[in-house]
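Undergrad: Please find the sequence and the predicted model below.
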Amino acid sequence: MPSMPASASRRDEKSSWGRVEHGLPWAGLLALIEPAYPKAGKGRRPYPVRTMLRIDRLQNWFGYSDPAMEEALYEVARLRRFAGLSLTRGSLPDGITILTFRHLFETRDLAPKVLAAINTYLTGKGLLLRHGMIVIRDDHSCTVFNQE
């Protein structure tokens, strides 16, 4: 299963994840997705769109399959925190829920719009995002999260 590099110190991990947390246009991305996202009342209550978007981004960045993403959410606390989930505050999305969200992207042609919004935003900040890798650069350091 892909993971973050063991060589990253806890301080660097927190700092880098903080940059990812605050380094994406989350409000704009949510505005793209929310009109297409299912509302409560039809079957079981959906997870918040914010949570599912963050899970989708993690899955995309680290190359997780739907079942592997479900497993990673149970096993990797940092991924849960990034998605706004907790083992003690309710359930975690299963592989089918993750798949359903991914299919929403496909059927509503949202993936290219989300990717374009992210890349435009990151390019303006001097950051680079590629499949399976997050590169965070500033004047003094470079942090890479890779799926190797």
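TA: Yep, that arrived.
Undergrad: Secondary structure element for the closest residue in space to G84 that isn't next to it in sequence, which one?
TA: Take G84 and drop its neighbours on the chain: the residue closest to it by CB to CB, 6 or more residues apart in numbering is T51, 5.0 Å away. For glycine as for every other residue, the C-beta is placed from the backbone atoms N, C-alpha and C. Using DSSP states H and E, T51 sits in helix 49-62.
Undergrad: Now do the helices in the chain.
TA: 10-22, 26-33, 49-62, 66-75, 77-83, 95-107, 111-124 (DSSP state H).
Undergrad: and G41, which of these is closest to it?
TA: When the helices of the chain are compared by CB to CB, helix 49-62 sits nearest G41, at 15.1 Å.
Undergrad: CA atoms only for the closest one, dumped as CSV, please.
TA: Output of helix 49-62 as CSV, limited to C-alpha atoms (Å, rounded to 0.1, in the frame of the first residue of the first chain):
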residue,chain,number,x,y,z
VAL,A,49,-19.1,16.7,0.5
ARG,A,50,-16.0,18.2,2.1
THR,A,51,-15.0,14.9,3.6
MET,A,52,-15.6,13.0,0.3
LEU,A,53,-13.7,15.6,-1.7
ARG,A,54,-10.7,15.3,0.6
ILE,A,55,-10.8,11.5,0.4
ASP,A,56,-11.0,11.7,-3.4
ARG,A,57,-7.9,13.9,-3.5
LEU,A,58,-6.0,11.6,-1.2
GLN,A,59,-7.0,8.6,-3.4
ASN,A,60,-5.8,10.5,-6.5
TRP,A,61,-2.6,11.7,-5.0
PHE,A,62,-1.4,8.4,-3.6
